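Trainee: What follows is a predicted protein model with its sequence.
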Amino acid sequence: MRRTLAISTLAVAAVLLAAPAAFAADDYAADPNELINHYDDVSRYSTGTDLWRVWVCDTALDGSVGVVSEAVDILNGEIADVYDWLSEGMYDLQFEAGGTVSVPTEDGDDCIQAVLDASTPSAAAGVFIITDGPGWSGVASPGYTNQSLSPANRRYALVTYNGVFSYSIAVSAHELGHTIYWPHSYVGPSEYDNPIDVMSGGFGAYGTLAINRYAAGWVDPGQVTVIDGTVGAITLGPVGDPGTQLLIVPGDETGDYFALDVRVDHPYDSRAAAHGVTVHEVRHDCASTFFCAGTQREQIPKRPTGDSYGHVLTIGESAIVGKTRLEVVGASGGGYQVAFEPVYPDGFAMQNPNSGYWTLDDGYGFYYGIPADLPMACDWDGDGVSTPGLYRQSSGFLYLRQSNTFGVSDISIYFGIPEDIPICGDWNGDGTETIGIYRPSESTFYLRNSNTFGVADVQFTLGAAGDVPLAGDWDGDGIDTPAVFRADSGELIVRATNDPDWSPATHFLEPAIPAGAVVFAGDWDGDGTDTVGYHEAGTSWFSNVLGGAKDLSHVWGTDHNPVIGVWAIS
């Protein structure tokens, strides 16, 4: 049986609090941008000289441990150079010889304790330990918060032999990152599923998130731009750029936000499999952990399910995060230009099927259409405002209007047959919503990427007889996809992509939607993700969570056709 050293692979030990009563869970006072909790604590080692003593630990595994002096040379070379690049010269990582210890077990914790016991007070702020374990793994801790020097601060990094002397030297960079309070970034369940972050699964590259570099004190607060709900664009630069290196989209609470930065090809980052603008959600979960800072900070790649690099946006790609739509519109000055605009919540309108009169949720109204026309609303010209559309089943024509006023259609398109049901959405993420139809007899969606006459650009089968067709951005990636609601089971069946060949479907149970109620979709809180509601007995009921209880309402007092859209922006 193969034996392995008893340490957690690429783990981070808990932050050690010597005097927890002295700390508050939420403390952003030291950070002028209020992004990093306990900023002064988590940045205390990461500027100026950070001296480490290097030790080797010979365990009962009897593997290779290497020579301390050779390890010191390697660490003072490649690893110190990497951090000099990441910090733009602000962090001087240095290593000196410590010594050798032996333990009679295979337990990495015994190695750590033996080294700390053998260490004497010095100018060093940590101990770096190399064991004779096979493979590549490690564990680290930033240590006590009320001590600065080793061994009293119990700050350590431990790696196996290959983490210094062989192909896995990036493990050393990873574990040292934990000792300056850098957390893993991941979606889960694995904590190593972000392939472009050395603090996650990116062991072929040395780059990391700009929010880590900011927390370390290497990105000046003035190099951070916080989006304030306006429309604009900014040039976002990589490591070393004198301008903005970190773009922040605020969340609902202090400490919760979305962080964007740039990754470009660099000798220390050339093996990263994707370059562009990265998008991560950052959370400080003070409800479940006391010291919700540093290695306890959550950093989550914002990407579609199954796409490891979907959080790295390239030119022409967009995403909706928080209440903001972002698009990488071009390259600029070694980085990228990012355009942004607010995402406005959907509102309600009612269309009288007998008269063709539309009433918006602010009471404004107008006539558009004739009896029996099927209503819908979308942003047909990309200006952010939804305007009416009609499908006339008797002729197969779609009639689109580009303002919320009385008048004739601005666009008329023949697209469908009498049984078809109209839908619309931004099928390709270009910011303009376009036409589509659902053919119940075939359980097939036909989607078009422009509001022009022609055959479907995309078609695929989804659903069964009796299903209700819907469309929405179900995962907040900026692209709408079709779905069907199955009334007899209460299921919402959502398609993940518009790939005509194959796409996984996700099933949500939508509780307590009455039989015969009109079902619709919309984004009522402006978070970029659509959810489901229904209309019955003069009231529209909805939820801001897929599968959530329909406990929010809009009262009309009439049972005309509900139409969902963004009717005005400000």
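Mentor: Good, I have the coordinates.

Trainee: ranges for the strands of the stretch 151-300 of the chain?
Mentor: Across the stretch 151-300 of the chain, reading from the start of the chain, the strands by DSSP state E, counting those that start in this stretch fall at 156-160, 224-226, 232-236, 246-250, 257-263, 276-283, 298-301.

Trainee: Buried deepest among the ones you listed, which one?
Mentor: Taking mean count of other CB atoms under 10 Å as the contact definition, the stretch among these with the greatest mean neighbour count is strand 156-160, which reaches a mean of 28. Where C-beta positions appear, they are placed from N, C-alpha and C, glycine not excepted.

Trainee: Quick one: mean pLDDT for it?
Mentor: Averaged across strand 156-160, pLDDT comes to 96.

Trainee: Same check on stretch 477-486?
Mentor: 93.

Trainee: Include distance to Ser318 when you put the strands of the stretch 151-300 of the chain into TSV, please.
Mentor: TSV is the format used below for the strands of the stretch 151-300 of the chain (distance: least, CB to CB, whole Å):
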stretch	distance to Ser318
strand 156-160	39
strand 224-226	18
strand 232-236	13
strand 246-250	13
strand 257-263	12
strand 276-283	10
strand 298-301	16
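
Trainee: out of these, which comes closest to Asp26?
Mentor: Across these, the minimum distance to Asp26, taken as CB to CB, is reached by strand 276-283, at 12.7 Å.

Trainee: So for Val385, which of the strands of the stretch 151-300 of the chain sits nearest?
Mentor: If you check each of the strands of the stretch 151-300 of the chain against Val385 by CB to CB, strand 232-236 wins as the nearest, at 18.9 Å.

Trainee: those strands in the stretch 401-550 of the chain, which residues are they?
Mentor: So, for the stretch 401-550 of the chain - with DSSP E, counting those that start in this stretch - the strands run 411-414, 421-425, 434-439, 444-447, 458-461, 468-472, 481-486, 491-495, 505-509, 518-522, 531-536, 539-542.

Trainee: Could you tell me the least trusted of those?
Mentor: Comparing mean pLDDT across the strands of the stretch 401-550 of the chain, the weakest is strand 505-509, with a mean of 89.

Trainee: in that one, what's buried?
Mentor: Neighbour-count burial for strand 505-509 flags Phe508 (criterion: 16 or more other CB atoms under 10 Å).

Trainee: And stretch 489-506, by the same measure?
Mentor: Within stretch 489-506, the residues that qualify as buried are Glu491, Leu492, Ile493, Val494, Arg495, Ala496, Thr497, Asn498, Ser503, counting by 16+ other CB under 10 Å.

Trainee: what's the span of stretch 262-278 from first residue to last?
Mentor: Between the start and the finish of stretch 262-278 there is a gap of 6 Å, counting by CA to CA, to the nearest Å.

Trainee: Sorry, slip of the keys, the one I care about is stretch 251-264.
Mentor: Start to finish, the residues bounding stretch 251-264 are 27 Å apart (CA to CA).

Trainee: just stretch 465-484 next, same as before
Mentor: End-to-end distance of stretch 465-484: 11 Å, with CA to CA as the criterion.

Trainee: now swap in stretch 489-500 and tell me
Mentor: The first and final residues of stretch 489-500 sit 26 Å from each other (CA to CA).

Trainee: And the furthest pair within the buried residues of stretch 489-506?
Mentor: Those two in these that are separated most widely, counting by CB to CB, are Glu491 and Asn498, at 20.4 Å.

Trainee: any idea what sits nearest Phe485, other than its immediate chain neighbours?
Mentor: Val468 (4.4 Å; CB to CB, 6 or more residues apart in numbering).

Trainee: you'd agree that neighbour is up against Ala521?
Mentor: No - with contact taken as CB atoms under 8 Å, Val468 and Ala521 are classed as non-touching, separated by 10.2 Å.

Trainee: Quick check on the two: which one has the bigger neighbour count.
Mentor: Ala521 (24 against 18; other CB atoms under 10 Å).

Trainee: measure Gly526 to Met350 for me?
Mentor: Computed as CB to CB, to the nearest Å, the Gly526 to Met350 distance reads 21 Å.

Trainee: higher neighbour count, these two?
Mentor: Met350 (24 against 17).

Trainee: and that one, what is it in contact with?
Mentor: Applying CB atoms under 8 Å, 6 or more residues apart in numbering to Met350 gives the contacts Trp358, Thr359, Trp556, Thr558, His560, Asn561, Pro562, Val563.

Trainee: out of these, who has the most neighbours?
Mentor: For the contacts of Met350, neighbours were counted using other CB under 10 Å, and Trp358 has the most, 25 neighbours in all.

Trainee: Partner strands of the host helix or strand of that one and their direction?
Mentor: Following DSSP states H and E, one finds Trp358 within strand 357-360. Sheet pairing here is set by DSSP bridges, and for strand 357-360 it gives strand 347-351 (antiparallel), strand 365-367 (antiparallel).

Trainee: how near is the residue most central in space within the chain to Phe340?
Mentor: Averaging the C-alpha coordinates of the chain gives a centre point, and the residue nearest to it by CA atoms, centre = their mean is Lys302 (1.8 Å). Applying CB to CB, one obtains 15 Å for the distance of Lys302 from Phe340.

Trainee: and if you look at Val494?
Mentor: When Val494 is compared with Phe340 (using CB to CB), they lie 27 Å apart.

Trainee: All set now, cheers.
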